[in-house]
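*Asks:* Below is the structure, and that's it, no one-letter string:
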């Protein structure tokens, strides 16, 4: 059935690519550029089309990838709540295909006894009740099973569509990369949890049982990269980038594309910085804004030695860096959104830029609220989700400007 649906639903992106490339070549020739320059522009545009893999890809594939991307959003949100409720170390074992929850009180007691052997119980939750344990256990179990569900929704249809010939060569590479990322993500999750179950990691007098902030940041980063791959390819199929008239492309528009790329990069880096904040509970130090207590620069910002350790291991420094990154990102997002309204851009692109700028302000407001309110779970979860929403809007805007990359040669 999927193969039958593929034929009538072939993406019109192929026509969009061809029209733009033809217009670009004709414009270059009319402007007196050499045939070699025109052909160079044509080849670069063709390369974009090949990389996007949309020239012969069914919309069924696009919707499948969009669905998987949406499920990745759910996993990131659920993972954030799991971390905020300190539920991540409640399950002390890992099985590839998972297992059902305990079915009776005896099974729950067995599970509780396993947890009692963990550093978290020994040093932190020694007074937890069985009912409280059930809550955190179900949180972690739900997060893990959601991840396995994503695996099933991705790999089973991928196998069918691959066998039916619904992927072109470029899309096969993308699907293969996404599948590899998905498998890696699952293994990395357990590798992260193991860091919080090893008693040797918590021998110091002030050590707090929790997962490694490095592994937490890696786990979140890989999830976001997987989401980004799925999001970008789904959009390329379902809503291709806008076609530009080469004769109307100016150096200002080409420069605008660089700003959109900066927005995307800064949104991602700030998001990863937030993982270190979460991993070190850095949101619970200096709950004031904009100053750190009564200082602009906290006095313990370089307490650790060697100095470089402060960047990823000192909660004060981690929070300071996150504030600076957040403020910088907001400034760049706002400037880019403002520029988009001034430039002769299609309305769809102006809308994406405006939404991105508004989301940036909302995200900062959520971050400040999380800090001032001492990290309440609902507000903190909204802040973590907002980071992904901001990145998504930055990717949307960046995707819409991808043809300006080809036009750069023509402008020169």
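*Replies:* Right, received. Where do you want to start? Worth saying up front: this structure is predicted, and the values here are computed from it rather than measured.
*Asks:* Quick check on the residue lying closest to residue 199 once chain neighbours are set aside: phi, psi?
*Replies:* Nearest non-adjacent residue to residue 199, counting by Cβ to Cβ, 6 or more residues apart in numbering: residue 119, 5.2 Å away. Where C-beta positions appear, they are placed from N, C-alpha and C, glycine not excepted. When read as degrees, to the nearest 10, the backbone of residue 119 gives phi -60, psi -30.
*Asks:* I figured residue 179 hits residue 158, correct?
*Replies:* Yes - here residue 179 reaches residue 158: they are 6.6 Å apart, a contact under Cβ atoms under 8 Å.
*Asks:* With neighbour numbers in mind, choose between the two.
*Replies:* residue 158 (22 against 16; other Cβ atoms under 10 Å).
*Asks:* Go ahead and confirm the more buried one touches residue 180.
*Replies:* No - counting by Cβ under 8 Å, residue 158 does not reach residue 180; the two are 11.9 Å apart.
*Asks:* Spit out the contact partners of the residue lying closest to residue 178 once chain neighbours are set aside.
*Replies:* Spatial nearest neighbour of residue 178, chain neighbours left out: residue 229 (5.1 Å); criterion: Cβ to Cβ, 6+ apart. Residues in contact with residue 229 (Cβ atoms under 8 Å, 6 or more residues apart in numbering) are 174, 177-178, 181.
*Asks:* Model confidence for residue 229, exactly?
*Replies:* Note on residue 229: pLDDT of 97.
*Asks:* tell me which element it is part of?
*Replies:* Assigned by DSSP states H and E, residue 229 falls within helix 213-238.
*Asks:* What residues sit buried inside that helix?
*Replies:* By neighbour count, with 16 or more other Cβ atoms under 10 Å as the criterion, the buried positions of helix 213-238 are 213, 215-238.
*Asks:* now stretch 63-76
*Replies:* Burial within stretch 63-76, assessed by neighbour count using 16+ other Cβ under 10 Å, is assigned to 64-69, 71-73, 75-76.
*Asks:* From the residues you listed, pick the one nearest residue 190.
*Replies:* residue 75 (14.6 Å; Cβ to Cβ).
*Asks:* in this protein, what secondary structure element scores lowest on mean pLDDT?
*Replies:* Within the chain, no helix or strand scores below helix 2-6, which has a mean of 42 by mean pLDDT, DSSP states H and E.
*Asks:* ok, residue 331 - how many residues close by?
*Replies:* Residues near residue 331, counting by other Cβ under 10 Å, number 12.
*Asks:* From the chain's centre, how far out is the helix or strand where it lies? Work that out for me.
*Replies:* Following DSSP H and E, one finds residue 331 within helix 315-342. Mean-position distance between helix 315-342 and its chain equals 17 Å (Cα atoms, centre = their mean, to the nearest Å).
*Asks:* same deal with stretch 79-93?
*Replies:* The answer for stretch 79-93 is 20 Å, by Cα atoms, centre = their mean.
*Asks:* Which parts of the stretch 51-200 of the chain are helices?
*Replies:* With DSSP state H, counting those that start in this stretch as the criterion, the stretch 51-200 of the chain has helices at 59-84, 105-116, 119-123, 130-163, 169-195.
*Asks:* looking just at contacts, which helices and strands does the longest one meet?
*Replies:* Spelled out, that is helix 130-163. helix 59-84, helix 105-116, helix 169-195 (3 or more Cβ pairs under 8 Å, 6 or more residues apart in numbering; DSSP states H and E).
*Asks:* run the last query once more with 6 Å
*Replies:* Here helix 130-163 touches helix 59-84, helix 169-195, going by 3 or more Cβ pairs under 6 Å, 6 or more residues apart in numbering; DSSP states H and E.
*Asks:* how many degrees apart are the last one and helix 213-238 in direction?
*Replies:* Between the direction of helix 169-195 and that of helix 213-238, the angle (axes from the mean of the first three to the mean of the last three Cα atoms, to 10 degrees) works out to 160 degrees.
*Asks:* Can you mark which positions in helix 169-195 are buried?
*Replies:* For helix 169-195, burial by neighbour count (16+ other Cβ under 10 Å) applies to 170-171, 174-175, 178-179, 181-182, 184-186, 188-189, 191-195.
*Asks:* Show me what that helix is packed against.
*Replies:* The contact analysis (3+ Cβ pairs under 6 Å, 6+ apart) places helix 169-195 against helix 130-163, helix 213-238.
*Asks:* next one: the shortest one
*Replies:* For helix 59-84, the contact count by 3+ Cβ pairs under 6 Å, 6+ apart identifies helix 130-163, helix 213-238, helix 377-400 as packing neighbours.
*Asks:* any idea of the mean pLDDT in that helix?
*Replies:* 96.
*Asks:* repeat for stretch 188-206
*Replies:* Taken as a whole, stretch 188-206 has a mean pLDDT of 89.
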